[in-house]
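Student: Model the following, please.
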Amino acid sequence: MALNNPAFNNPAFQDPRAVQSYPGGARAASLTPPPAAAAGSASRGGVDLAAQAQMEGAFAGPPAGSVETGRMTIEDTVVKTVSLFAILLVTAAVGWVWTLGGLVPTTENVSVLPMIVGGLAGFVLALVIIFTSRKKVRPALIFAYAAAEGLFVGGISAFFEMLYPGIVFQATLATLVVVGVTLALFASGKIRASARATKIFLIAMVGYLVFSLINVGLMLFNVPLAGGAFGLRSVEVFGIPLGLIIGVLVVIMAAYSLVLDFDQVQQGVRNGAPRQYGWLSAFGIMVTVVWLYIEILRILAILRGSE
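Tutor: Model prediction:
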């Protein structure tokens, strides 16, 4: 399951034996000896009773967190993920105001720069983060990515809100529902990633990427077949827009991608990955959630446009 989200294509989230193969892995893998072994070695070495009692007290105390151990934990990853989304929301507000020239949607003074700047910057930063994370995780780059994605999300949201009032609230609510339900099902153990499902997911992802590239090409060259607002997605199949059919499938794919992301986070914790890899996990989850939001936004726009 290494190729679902490029952010998790890292030894820290995969083979448990790879815990020694990334920066900080050797240190993170050095687990504290169990109490019995520690007590036995203490008695054999003639350590005084005070030192032995202090050691036993340490084992009897509460478990160490990510700060004390220097290793990645679920709780620390959640905090990092929330922090990144806080940055995204702040810059999304900036992108919204920048796009519309104010808080209220209007057709005057509309700017597409936030979408372009945020989209290009986010794409470049994502590539840099993915290809350099094997050597070192740089939180500053991940913060910059969250800020760039915020500009893009805020810009495109403002644009769609101008065309279809109320659509941003609907898309945000739907995204939160999908993420919440997926997380709840994963936490309860009712849904898990499997090798077979992941293979199907990867094949579907390749097919979707090919379709998207063809659609963009046809729209750029003004091919009549892709003459609608959404290109080939505007073509109707038995009276249903093709984009609606594909959109529903893509939302399911994005939800399964979240399952894979959660699974990789758990694997990173089991591997004893260094604490800094929590930022990489948060980055990967953000990539998936933003993708999910954009797809839902597009589905709603197609539905509203066909009314």
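Student: which regions of the stretch 201-307 of the chain lie under the pLDDT threshold?
Tutor: For the stretch 201-307 of the chain, the stretches flagged by pLDDT under 70 are 225-229, 306-307.
Student: burial of Leu249, as a residue count?
Tutor: A total of 14 residues lie near Leu249 under the criterion other C-beta atoms under 10 Å. Backbone N, C-alpha and C define where each C-beta goes, glycine included.
Student: tell me the contacts of it?
Tutor: By C-beta atoms under 8 Å, 6 or more residues apart in numbering, the contact set of Leu249 is 204, 208.
Student: Repeat that for Ile285.
Tutor: Listed by C-beta under 8 Å, 6+ apart, the contact set of Ile285 reads 81, 258, 261, 265.
Student: With Trp291 instead?
Tutor: Residues near Trp291 by C-beta under 8 Å, 6+ apart: 254, 257.
Student: and what of Val179?
Tutor: Going by C-beta under 8 Å, 6+ apart, the list of residues near Val179 reads 258, 289, 292.
Student: Name the nearest residue to the first one, ignoring sequence neighbours.
Tutor: Counting by C-beta to C-beta, 6 or more residues apart in numbering, Thr182 is the residue found nearest to Leu258 once chain neighbours are left out, at 4.8 Å.
Student: what does Val265 give?
Tutor: Using C-beta to C-beta, 6+ apart, the nearest residue to Val265 is Ser281, at 4.8 Å.
Student: Could you measure from that neighbour over to Ala86?
Tutor: As for Ser281, its distance to Ala86 is 16 Å (criterion: C-beta to C-beta, to the nearest Å).
Student: Between those two, which has more neighbouring residues?
Tutor: Neighbour totals were compared for Ser281 and Ala86, and Ser281 leads with 31 against 11 (other C-beta under 10 Å).
Student: How is this protein divided into domains?
Tutor: What automatic domain parsing lists as the domains of the chain is 27-61, 62-305.
Student: Identify whichever of those domains lies nearest to Pro6.
Tutor: Of all the domains of the chain, it is domain 62-305 that lies closest to Pro6, at 4.7 Å by C-beta to C-beta.
Student: Check the offset of the closest one from the chain's centre.
Tutor: Centroid separation between domain 62-305 and its chain, computed with C-alpha atoms, centre = their mean, to the nearest Å, is 7 Å.
Student: Equivalent analysis for stretch 295-307, please.
Tutor: The chain centre lies 23 Å from the centre of stretch 295-307; the measure is C-alpha atoms, centre = their mean.
Student: Around Phe123, how many other residues sit close by?
Tutor: Phe123: 14 surrounding residues under other C-beta under 10 Å.
Student: how about the helix or strand containing it as CSV, C-alpha atoms only?
Tutor: Assigned by DSSP states H and E, Phe123 belongs to helix 113-132. The C-alpha coordinates for helix 113-132 follow below in CSV (Å, rounded to 0.1, in the frame of the first residue of the first chain):
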residue,chain,number,x,y,z
LEU,A,113,-4.6,35.3,-9.2
PRO,A,114,-5.2,33.6,-5.9
MET,A,115,-6.2,30.4,-7.7
ILE,A,116,-3.2,30.6,-10.0
VAL,A,117,-0.6,31.7,-7.5
GLY,A,118,-1.9,29.3,-4.8
GLY,A,119,-2.3,26.4,-7.2
LEU,A,120,1.1,26.7,-8.8
ALA,A,121,2.9,27.4,-5.5
GLY,A,122,1.1,24.5,-3.8
PHE,A,123,2.0,22.1,-6.6
VAL,A,124,5.7,23.0,-6.6
LEU,A,125,5.9,22.9,-2.8
ALA,A,126,4.1,19.5,-2.7
LEU,A,127,6.7,18.0,-5.1
VAL,A,128,9.6,19.4,-3.1
ILE,A,129,8.1,18.0,0.1
ILE,A,130,7.5,14.6,-1.3
PHE,A,131,10.9,14.2,-3.0
THR,A,132,13.0,15.6,-0.1
